[in-house]
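Q: Mind folding the following:
(one chain, ligands or ions: 1)
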Amino acid sequence: MTCCHNYFATTEGGEEAFSVDVSAITYGAGCLAEAGEQARALGIGRIALFTDKRLATTEHVEKVKKSLSAAGVDYALYDEVKVEPTDVSFQAATRFAAEAKVDGFISVGGGSVMDTAKAASLYTTYPADFLAYVNAPVGEGRPVPGPLKPHIACPTTAGTGSECTGVTVFDLLSMKAKTGIASRMLRPALALIDPLTTHTLPKNVIACSAFDVLSHALESYTAMPFTRRARSKTPGERPMSQGANPWSDLGCREALRLAGEFMVRAVNDPADHEAREQLMWASTLAGIAFGNSGVHVPHGMAYAVAGLVKDYQPEGYPGDEPIIPHGMSVIVNAPSVFRNTACACPERHLDGAKYLGADMRGAGNDDAGEVLGGRIVELMKASGIPNGVGGVGYGAGDIGALIEGTLPQQRLLKNAPMEVGAEQLKTMFEGALSYW
Ligand SMILES: [Fe+2]
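A: Okay, here's the model as predicted:
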């Protein structure tokens with residue numbers, strides 16, 4: 001506890017308060033059947049049901065449709081959501097929602113589906129040039145003017161935590177870069193989380209999602225303490241990426257413990273429903289946590305790793321376009337990042353390793369980066385994740401482009417526990433080329 005206590009020591013001109021914003025959550029096996037009643041309770045009469053082509057024919061979407069109909073909620077189905085959405089796919093979804101004249105949204109799917117519903121709700125409620133609300137410096141970073149229509153987010157993967165956050169991420173095709181929109185207004189009105197949805201997911205989808213959870217928790221836990229950020233002039237100016245704080249720590253610790261215990265089982269045994277359901281709970285906890293603290297460098301580097309994809313195609317993902325799934329694009333960077341950030345807050349890196357189940361015998365502060373990085377690598381190997389950035393198609397000659405693609409992600413880089421610029425990113429990418 002001493003480290004945690006000291007970690008939040010006040011600093012000259014630094015923030016003294018932190019904010020906690022959480023979506024309303026309903027969690028439990030079979031709760032998708034509540035979708036209709038929950039929509040009615042939110043005052044929704046006609047709802048846009050967002051999903052993707054693969055999920056549209058599953059029992060999960062069927063259950064939601066039936067529930068909506070039974071509750072007398074009219075729905076308009078949109079199953080054209082693109083996995084790893086783009087500005088073009090966001091705008092297509094927005095046109096659909098505008099024409100459908102709905103007063104609410106329900107998304108059934110992974111991060112891509114939930115993020116697309118957030119964007120469609122934003123641009124139909126407050127129409128503007130597409131780049132208006134997009135994070136600066138890529139976009140204008142204009143604040144979202146007010147509340148959006150109610151959105152019920154129903155995750156079907158245990159990963160992104162998007163059901164609990166005010167962030168939406170997409171590829172801006174003209175710049176070949178991943179970017180996003182961040183606002184408390186984007187946070188869904190209700191997260192309806194049914195762990196039964198994870199039972200049928202392919203191995204690789206479980207692995208990528210689980211590593212996204214793991215990294216959300218580790219990055220939140222090792223983020224810059226909120227007390228080191230300059231004090232906000234007004235409560236409204238306090239960013240969601242406010243840094244590590246005592247609230248987000250709670251979710252991170254338990255999410256890491258669950259990921260360390262259940263991840264490998266969930267990936268390697270499709271019949272291990274207990275393990276898959278425990279990962280869904282870990283995902284929820286990590287989502288609540290990082291939605292109030294923010295992630296940092298592994299996610300910042302992931303924007304470039306995913307955005308500059310060459311010809312990598314993972315098993316278990318639909319379509320024939322090259323793609324590096326989000327959780328994979330994050331975790332290939334993570335061991336190298338934590339080996340480099342450990343010097344900034346070694347106790348927190350040691351804690352992270354301990355919660356993940358690492359062998360801590362004889363480990364001291366000087367070993368923190370190696371112990372944590374080594375434990376992540378162990379889990380990657382046991383889950384069939386590619387061997388670092390090199391394993392998804394990059395070589396030493398690509399590092400310059402990867403650094404250029406990461407530097408615009410200042411919201412994330414500034415949330416790191418130490419200063420991270422081009423020089424540090426070079427070291428981190430070099431260390432991430434291969435791990436074994
Ligand atoms: Fe993530």
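
Q: same for the helix or strand containing Ala266, what does it pack against?
A: Counting by DSSP states H and E, the element that carries Ala266 is helix 246-268. Contacts defined by 3 or more Cβ pairs under 8 Å, 6 or more residues apart in numbering; DSSP states H and E place helix 246-268 against helix 203-222, helix 273-290, helix 346-355, helix 368-382. Glycine gets a C-beta too; all of them are placed from N, C-alpha and C.

Q: and among those helices, the most buried is which?
A: Neighbour counts (mean count of other Cβ atoms under 10 Å) averaged over each of the helices and strands packed on helix 246-268 peak at helix 203-222, with a mean of 28.

Q: got the angle between that one and helix 273-290?
A: Angle, helix 203-222 to helix 273-290, by axes from the mean of the first three to the mean of the last three Cα atoms, to 10 degrees: 40 degrees.

Q: can you tell me the average pLDDT over helix 203-222?
A: Helix 203-222 carries an average pLDDT of 96.

Q: cool, and stretch 315-333?
A: Per-residue scores along stretch 315-333 average to 88.

Q: Please apply the same query to stretch 266-282.
A: For stretch 266-282, the mean per-residue pLDDT is 95.

Q: And for stretch 12-32?
A: On average, stretch 12-32 scores 93.

Q: Geometric centre of the chain: which residue is closest?
A: The geometric centre of the chain, computed from its C-alpha atoms, lies nearest to Thr160 (Cα atoms, centre = their mean), at 3.7 Å.

Q: residues in contact with that one?
A: Each residue near Thr160 by Cβ atoms under 8 Å, 6 or more residues apart in numbering is listed here: Gly110, Gly111, Met114, Asp115, Ser209, Asp212, Ser283, Gly287, His326.

Q: Am I right that it sits in a helix?
A: No. Checked against DSSP: H, G, I helix; E, B strand; the rest coil, Thr160 lies outside a helix; its state is coil.

Q: pLDDT score for it?
A: Residue-level pLDDT assigned to Thr160 equals 84.

Q: Angles on the backbone of it, please.
A: Dihedral angles of Thr160 (phi, psi; degrees, to the nearest 10) stand at phi -60, psi -30.

Q: how close does it get to Gly291?
A: Remark: distance between Thr160 and Gly291 (Cβ to Cβ, to the nearest Å) = 11 Å.

Q: do the same with Gly357
A: The span separating Gly357 from Gly291 equals 25 Å under the rule Cβ to Cβ.

Q: can you check Ala344 too?
A: For Ala344, the distance to Gly291 equals 23 Å [Cβ to Cβ].

Q: Who has more neighbours out of the two?
A: More crowded of Ala344 and Gly291, by other Cβ atoms under 10 Å: Gly291, with 28 against 17.

Q: Tell me which of the helices and strands packed on helix 246-268 lies nearest to Thr94.
A: helix 273-290 (24.4 Å; Cβ to Cβ).

Q: CA atoms of the closest one as PDB?
A: The C-alpha trace of helix 273-290 is given here as PDB (Å, rounded to 0.1, in the frame of the first residue of the first chain):
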ATOM      1  CA  HIS A 273     -17.000 -21.700 -20.100                       C
ATOM      2  CA  GLU A 274     -16.000 -20.700 -16.600                       C
ATOM      3  CA  ALA A 275     -12.700 -19.200 -17.900                       C
ATOM      4  CA  ARG A 276     -14.400 -17.400 -20.700                       C
ATOM      5  CA  GLU A 277     -17.000 -15.900 -18.400                       C
ATOM      6  CA  GLN A 278     -14.300 -14.800 -15.900                       C
ATOM      7  CA  LEU A 279     -12.600 -12.900 -18.700                       C
ATOM      8  CA  MET A 280     -15.800 -11.100 -19.500                       C
ATOM      9  CA  TRP A 281     -15.900  -9.900 -15.900                       C
ATOM     10  CA  ALA A 282     -12.200  -8.900 -16.100                       C
ATOM     11  CA  SER A 283     -13.000  -7.000 -19.300                       C
ATOM     12  CA  THR A 284     -15.800  -5.100 -17.500                       C
ATOM     13  CA  LEU A 285     -13.600  -4.200 -14.600                       C
ATOM     14  CA  ALA A 286     -10.800  -3.100 -16.800                       C
ATOM     15  CA  GLY A 287     -13.200  -1.000 -18.900                       C
ATOM     16  CA  ILE A 288     -14.500   0.800 -15.900                       C
ATOM     17  CA  ALA A 289     -11.000   1.400 -14.800                       C
ATOM     18  CA  PHE A 290      -9.400   2.700 -18.000                       C
END
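
Q: Just list what that helix packs against, helices and strands only.
A: strand 24-27, strand 190-193, helix 203-222, helix 246-268.

Q: Just the buried residues of the last one, please?
A: It stands for helix 246-268. Neighbour counts using 16 or more other Cβ atoms under 10 Å place 247-249, 251-264, 266-267 of helix 246-268 among the buried residues.

Q: What are the boundaries of the strands in this protein?
A: Using DSSP state E, the strands of the chain run over 24-27, 46-50, 74-78, 104-109, 151-155, 167-172, 177-182, 190-193.

Q: then the fifth one to CSV, C-alphas only?
A: Presented in CSV, the C-alpha positions along strand 151-155 are these (Å, rounded to 0.1, in the frame of the first residue of the first chain):
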residue,chain,number,x,y,z
HIS,A,151,-27.2,3.8,-26.3
ILE,A,152,-27.4,0.3,-24.9
ALA,A,153,-24.1,-1.4,-25.5
CYS,A,154,-24.0,-5.2,-25.5
PRO,A,155,-20.4,-6.6,-25.9
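
Q: Spell out which residues sit in contact with the residue nearest to Lys178 when sequence neighbours are not counted, please.
A: Spatial nearest neighbour of Lys178, chain neighbours left out: Tyr303 (4.0 Å); criterion: Cβ to Cβ, 6 or more residues apart in numbering. Going by Cβ under 8 Å, 6+ apart, Tyr303 touches Ala177, Lys178, Thr179, Gly405, Thr406, Gln409, Leu412.

Q: Kindly report the same for Ala368.
A: By Cβ under 8 Å, 6+ apart, the contact list for Ala368 reads Ala342, Pro346, Glu347, His349, Leu350, Ala353.

Q: For burial, what's the neighbour tally of the first one?
A: In other words, Ala342. Each residue near Ala342 was counted by other Cβ under 10 Å, and the total is 27.

Q: which residues touch it?
A: Ala342 makes contacts with His349, Ala368, Gly369, Glu370, Leu372, as judged by Cβ under 8 Å, 6+ apart.

Q: Need the max-distance pair from the residues you listed.
A: His349 and Glu370 (9.5 Å).

Q: Next, the angle from the helix holding Ala266 to helix 346-355.
A: For helix 246-268 against helix 346-355, the angle by the same axes, to 10 degrees is 40 degrees.

Q: Tell me how far the residue nearest to the centre of the chain lies from Asp115.
A: Separation of Thr160 from Asp115 (Cβ to Cβ): 8 Å.

Q: what's the answer for Ile399, then?
A: Computed as Cβ to Cβ, the Ile399 to Asp115 distance reads 29 Å.
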